[in-house]
Structure formats: structure tokens, C-alpha cells
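**Q** need a 3D model of the following:
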Amino acid sequence: MKTRSWIPLLLILLLSGITCFGCKPKAAKKSPSEPHPPIAMKPVMQPGPGAGMTARPAPGGAEVQMKADAFLKGYQADLARLEKAQTTAYWKAANSGKKADFAAAAKAELALKQLHSDPGRYRTVQALRKEAASLKPLTRRSLQVAELAFKGNQLPKPLLEKLVKSSTEIEQVFNTFRGKIKGKAYTNNKLLESLRKERVGAKRKEIWEALKQVGQQVGPKLIALAKLRNQAAKKLGFANFWDMRVRLQEHDPKRILTIFAELEKLTNEPFRRMKAKLDAELAQKLKVKPEALMPWHYDNPFFQAPPPSAKVDLDTLWKGRKKEDIVSLAQTFYASVGLPIEDIVKRSDLYERKGKDQHAFCITIDRGADIRTLLNVKPTAEWMDTMLHEQGHAVYYKHVDRSLPFNLREAAHIFTTEAVAMLFGALAKAPGWLVASAGLDAKRVQAITPALLEQRRREQLIFTRWTLVMLHFEKRLYENPDQDLNKLWWDHVQRYQGLKRPPARNLADWASKPHFTIAPVYYHNYMLGELLAAQLRATLAKRFKTPDATAIFSSPSKKKIGAFFVEKVFRPGMRYPWPEYVRRATGHALTAKHFAAEVK
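**A** The predicted structure follows:
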């Protein structure tokens with residue numbers, strides 16, 4: 001994973017558990033199952049009493065409503081002004097790569113954070129929230145979101161500085177550390193490339209161990225940081241940092257654990273069958289018995305993505321295309337489903353340039369019409385996926401109801417915009433779309449369809465089990481940072497991923513994952529996005545009476561797709577807490593059943 005070259009105000013991510021306004025950065029030629037940390041965050045909050053939009057204000061609340069209106073008018077104006085300065089500076093820095101622009105972006109980010117550090121305004125929000133029964137529904141919701149933004153920024157300055165210093169030190173280790181084999185240092189990318197190519201088991205083990213060496217360097221520091229994060233969380237009234245992060249992401253911890261318990265149960269058998277087949281292939285390739293396979297026999301050091309398929313290489317289908325064709329295909333497709341993106345493309349920066357951010361993201365500058373995407377498009381299958389993915393974020397933001405209060409003109413949750421982006425991005429690997437929308441040769445696509453669908457299934461199942469490891473390990477980590485974390489890690493890896501624990505190994509392998517530092521307690525949101533994407537596909541299939549939801553995007557009915565998304569998915573913005581939003585959009589609560597049906 002490649003992180004951003006600047007996250008000067010990392011404490012926002014580390015402390016407040018708030019969501020990002022755009023997409024996780026996405027690197028070229030990176031697996032979709034390797035998410036990157038969220039950026040440029042905006043707050044959401046745990047729903048409380050009166051969170052729905054149907055209750056009416058209590059009689060005699062006119063005075064309270066006037067006070068709330070007056071407060072929100074000033075607050076929303078300041079938020080809009082400071083946020084636009086921050087997003088504009090961020091966009092400039094991402095496009096230029098200049099140190100001065102990074103500094104300006106950091107300054108703008110700090111100003112936005114300082115808005116929510118004001119204890120006087122926080123007390124006003126708290127007082128108004130106590131009068132929630134006297135307020136209009138949208139006012140209540142707007143104050144809920146505002147309260148969370150303030151609550152996450154009420155820590156003492158010395159503690160904030162300690163948190164930033166500790167996390168920065170760990171990140172610096174990750175940025176500079178080089179794993180060694182027989183005394184020679186290698187970059188992470190070189191080690192990953194070598195692991196993919198090496199066929200000899202003993203050498204693969206050396207490479208895998210080199211990739212884990214950074215864990216020993218940062219493990220003790222991460223444990224200290226976990227304790228410091230717990231201290232911060234408790235000062236804000238939470239049981240621990242995991243509890244704080246989950247609740248401040250508008251999640252009920254019990255609901256999340258229930259959903260993931262369902263996900264584990266429903267994917268146990270499909271994962272077992274898939275892994276048995278994969279193991280047989282790897283054993284044959286690496287000339288070992290299936291029962292002798294160890295973690296280093298898999299191409300990904302955390303087994304969070306499958307090895308490339310030997311039967312299909314989608315890039316061969318795109319040979320002869322130009323980078324501009326990728327953009328043109330996306331424009332034509334989105335227009336065909338009633339979600340034109342020409343205005344977004346005009347404001348976007350889509351091709352490689354010196355100094356420019358090498359990843360991809362979507363950004364709304366003013367929560368209005370100014371929506372942009374940054375990409376580095378090439379004529380490859382991965383960049384077709386990425387182009388569709390980022391424009392999925394963009395059309396979501398484009399159609400959020402702009403009559404909502406400013407701080408509600410946002411996706412219902414980070415995972416809901418991710419779900420839409422995933423749904424559209426996945427079309428780049430859907431056989432029907434490749435023929436009907438991309439214009440690829442039908443016979444060639446038909447020939448690789450079985451392998452294409454199998455690889456997609458492997459990606460989904462393997463990433464599912466990886467998110468189960470991260471969810472449960474981090475929960476236990478923050479509940480007791482002093483326990484034997486090395487053993488705990490392999491307990492989880494064995495249970496959820498079916499990998500064998502290396503004998504007599506007692507090292508901080510868990511700590512070699514950068515996300516514990518730069519995006520803590522966050523992986524579950526990526527998986528929730530996958531679940532909602534599957535649920536949206538099932539909703540479309542039912543609505544348009546077809547067993548194959550992806551086929552709808554190539555059917556005569558596809559023009560109606562845009563209207564469905566605008567009405568049910570985009571327009572509500574943050575009007576409702578996400579559980580209610582999902583019920584309204586799909587007809588029932590979020591479940592793992594639809595996803596499980598796709599990967600069974």
C-alpha cells in the first residue's frame with residue numbers, strides 16, 4: 001500500500017473516527033482488495049433518540065427552534081467557507097506536488113479543525129440537542145452531525161500533541177524501513193514483486209519474513225499508541241478507542257458485530273471450497289503438497305487478495321485502446337443510464353503529469369456543483385474499473401439534495417458512497433458490460449468468462465475473510481493492549497483465513513500492517529460497502545425483474561437505473577442515519593445474505 005505523501009493533520013483520522021468525503025486513494029495496478037486510508041474527513045454520528053425524520057417538534061418549541069436556526073446559520077456558513085478553502089487547497093496540492101501547496105493545504109485543514117475545537121460552540125450544540133423534541137427533524141439531524149464534529153475535537157492539547165507525535169514516529173518508520181535478506185535491504189515493492197515470482201519455498205519464506213520485519217520495529221510503539229488512544233477515548237466518554245471509532249462512524253457496535261457474524265457464517269463453506277481449489281493450484285505450481293502450504297506460499301503477505309489468474313489477463317482485451325478511450329467509454333456509459341458526467345469530466349484531471357498525485361480520488365469542492373475526480377488513466381482493465389469507480393462517487397455527490405443543510409449535503413455514510421463506486425467499478429469485469437458497453441470482442445470475452453467470474457469470486461471471498469481478521473483483532477487489541485498480541489493475531493488468521501501458524505514463531509507480524517497506524521478501526525467500512533453494493537444489485541434485479549443485476553446495465557431498461565439511484569440512493573444525502581437510509585433505499589436492513597448469494 002502506498003500512503004499519501006502528506007497527512008499533516010493525521011490526528012483527525014486517529015481521534016475522531018469521521019468519514020472521508022471522497023474515495024480511498026487507489027493506485028494503478030493495485031488490487032481492489034488493497035484499500036487505502038480515507039482522506040479529507042467529514043463527520044457523521046451515532047444516531048440517538050429522534051434520529052429519524054418523521055417525528056414532529058413538540059408544541060411550544062418556537063423559541064428553541066429560533067435559537068437553533070441562529071446557531072446553525074453561523075456555523076454552517078463558517079463550515080462552508082473553511083471547508084471550501086480546505087478542499088481547494090487539497091486539490092491544488094494533489095495536482096502540483098509542490099511543498100508550498102502541501103503547506104497551504106495543511107494550514108487550511110488546521111483551520112477547519114479549529115472550527116470544531118471551539119468549546120463554546122460545542123456547549124451550545126449540546127444544550128440545543130437536549131431540546132431535540134422541540135426542533136424540526138432536519139434541525140435535529142444537523143445538530144447531531146455537528147455535535148459529533150465537535151466531540152471528536154475536545155481533547156486537551158498536550159494529549160493531541162502526544163497522539164500526533166506517536167503516530168508520526170510510527171509512520172516515519174514505515175516510510176523508511178527496508179526489509180533485509182542476508183543483510184541486503186530491499187524496498188517493499190521489490191519484495192512483493194519477488195514473492196510473486198519466486199517458486200522455491202525456502203526463498204519465499206525469506207522474502208515473506210523480510211516483509212514482516214517492520215513489525216518488530218513498530219510493534220512496541222503501536223502498543224503504546226493503542227494505550228494512548230484508549231486514554232483519549234475514555235476522556236471523551238467511550239469504553240476504549242475501538243468503541244469510540246465505531247460509534248463515531250455512526251455504527252452501533254452490536255449491529256456491526258451481528259452483521260459480521262452473519263457474514264462469517266454465510267461465507268465459511270464457500271471460502272473453504274474456494275481455498276481448497278486455490279491451494280491445489282498453488283501446490284501444483286510450487287511443487288508442494290496442499291497440506292504443506294504456509295503463509296509465504298501465497299502472493300499477498302497478508303492473504304488479503306488472490307494471486308493473479310493464470311487463465312485470464314483482462315489487459316489483453318484492451319490492447320490497441322488509448323487512454324482517452326477509457327474516459328470516453330465511461331462518459332458514454334454513464335449517460336446511457338441517465339447519469340451524465342460530462343460536467344464532472346471537464347473539471348477533472350485524468351491523466352499522468354509530473355508531480356501529480358499517483359492515485360485516484362473524487363472530491364466535492366463545495367458540496368455543490370463543483371465535483372472533480374483525479375485519476376492517472378491508462379488503457380488497462382484496472383483503470384477502466386477505477387474510472388467507473390471514481391465517477392460512481394462523483395454522480396452520488398452530484399445528485400445529493402442541495403436544499404439540505406450544508407453539513408447534511410453528503411453521502412449517508414462513507415460506506416454508502418463506496419458501495420455505489422464499487423457497484424459501478426465492478427462492471428469493468430462483468431462479461432455483459434465488456435461486450436455491450438466497452439465494445440470488446442464477444443467471442444474473446446465469452447472464452448474467458450468462467451475464469452473471469454471465478455477470479456472475481458476469489459477476490460471477494462478472500463477480502464471478506466481478511467476484513468474479519470482486522471475487525472476482530474482490532475477490537476481485542478483496544479480492549480486489552482497488554483495481552484499476547486502475537487498469539488492473538490495468528491489465532492485470528494487461522495480461524496478466519498485458514499492459514500497455518502508458522503511453528504515456534506512469536507513475532508509482531510500483526511504490526512507490519514500500516515493500517516493500524518494510518519487508518520485504525522476502519523476496514524469494516526470497506527466490507528460494508530461490498531455488502532451494500534450486493535444489496536443494491538439485488539434490489540435492481542427485483543425492481544427490473546431479472547436474475548442478473550449486471551445485465552440491467554446493458555438492457556433497454558438501463559435509462560431507468562439513473563432515476564432509481566437519484567431518487568433512492570443519492571438525493572437523501574445525510575438526511576437519515578445509515579440504517580434507516582439503507583432500509584428506505586433497498587426495502588430492508590443491511591444484511592450479508594445478498595453478498596453471500598453472489599459468492600456461494
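**Q** helix or strand for the residue nearest to Trp91 when sequence neighbours are not counted, which one?
**A** Distance criterion CB to CB, 6 or more residues apart in numbering; nearest residue to Trp91, sequence neighbours excluded, is Ile363 at 6.0 Å. All C-beta spots, glycine's among them, are computed from the backbone N, C-alpha and C. According to DSSP states H and E, Ile363 maps onto strand 361-364.
**Q** next: Arg196.
**A** helix 188-197.
**Q** same question for Ala185.
**A** Using DSSP H and E, Ala185 falls in strand 184-186.
**Q** quick one: strands adjacent to that strand?
**A** In the sheet, strand 184-186 lines up against strand 179-181 (antiparallel) (DSSP bridges).
**Q** next, count neighbours for Arg583.
**A** Arg583 sits with 13 neighbouring residues when counted by other CB atoms under 10 Å.
**Q** isn't it right up against Pro577?
**A** No. Taking contacts as CB atoms under 8 Å, Arg583 lies outside contact range of Pro577: 10.4 Å.
**Q** if you count neighbours, what's buried in the strand holding Ala185?
**A** For strand 184-186, a neighbour-count test (16 or more other CB atoms under 10 Å) marks Tyr186 as buried.
**Q** ok, and what's touching it?
**A** Arg178, Gly179, Lys180, Ser194, Ala210 (CB atoms under 8 Å, 6 or more residues apart in numbering).
**Q** tell me the mean pLDDT for it?
**A** Strand 184-186 carries an average pLDDT of 96.
**Q** then stretch 532-543?
**A** For stretch 532-543, mean pLDDT rounds to 95.
**Q** before we move on, what about stretch 430-442?
**A** Averaged across stretch 430-442, pLDDT comes to 92.
**Q** still on that earlier bit, partners of the strand holding Ile363 in the sheet?
**A** For strand 361-364, pairing defined by DSSP bridges yields strand 371-374 (antiparallel).
**Q** elements contacting the following helix or strand past the strand it pairs with?
**A** Following strand 371-374 in sequence order, the next helix or strand is helix 381-398 (DSSP H and E). In this structure, helix 381-398 makes packing contacts with helix 323-336, helix 342-347, strand 361-364, strand 371-374, helix 414-425, judged by 3 or more CB pairs under 8 Å, 6 or more residues apart in numbering; DSSP states H and E.
**Q** Lys203: which of these is closest?
**A** Checking the helices and strands packed on helix 381-398 against Lys203 by CB to CB gives helix 414-425 as the closest, at 35.4 Å.
**Q** from the chain's centre, how far out does the closest one sit?
**A** On the basis of CA atoms, centre = their mean, to the nearest Å, helix 414-425 sits 9 Å off its chain's mean C-alpha point.
**Q** beyond the helix holding Arg196, next helix or strand please.
**A** Defined by DSSP H and E, the subsequent element after helix 188-197 is helix 201-235.
**Q** check which helices and strands that following helix sits against.
**A** Using 3+ CB pairs under 8 Å, 6+ apart, helix 201-235 sits against helix 10-16, helix 157-176, strand 179-181, helix 188-197, helix 241-248, helix 442-479, helix 515-518.
**Q** contacts for the shortest one?
**A** By CB under 8 Å, 6+ apart, the surrounding residues in contact with strand 179-181 are Ala185, Tyr186, Asn188, Leu191, Glu206, Ile207, Ala210, Leu211, Lys212, Gln213, Val214.
**Q** now distance to Ala62 too, for the residues you listed, in JSON lines please.
**A** Output for the contacts of strand 179-181, formatted as JSON lines (distance: CB to CB, whole Å):
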{"residue": "Ala185", "distance to Ala62": "70"}
{"residue": "Tyr186", "distance to Ala62": "69"}
{"residue": "Asn188", "distance to Ala62": "61"}
{"residue": "Leu191", "distance to Ala62": "66"}
{"residue": "Glu206", "distance to Ala62": "73"}
{"residue": "Ile207", "distance to Ala62": "70"}
{"residue": "Ala210", "distance to Ala62": "68"}
{"residue": "Leu211", "distance to Ala62": "63"}
{"residue": "Lys212", "distance to Ala62": "63"}
{"residue": "Gln213", "distance to Ala62": "65"}
{"residue": "Val214", "distance to Ala62": "60"}
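**Q** how about stretch 94-105: buried residues?
**A** Here stretch 94-105 shows Ala94, Asn95, Ser96, Gly97, Asp101, Phe102, Ala104, Ala105 as buried, counting by 16+ other CB under 10 Å.
**Q** cool, stretch 184-202 as well?
**A** For stretch 184-202, the neighbour count (16+ other CB under 10 Å) marks Tyr186, Asn188, Leu191, Leu192, Ser194, Leu195, Glu198, Gly201 as buried.
**Q** I appreciate the help and will end here.
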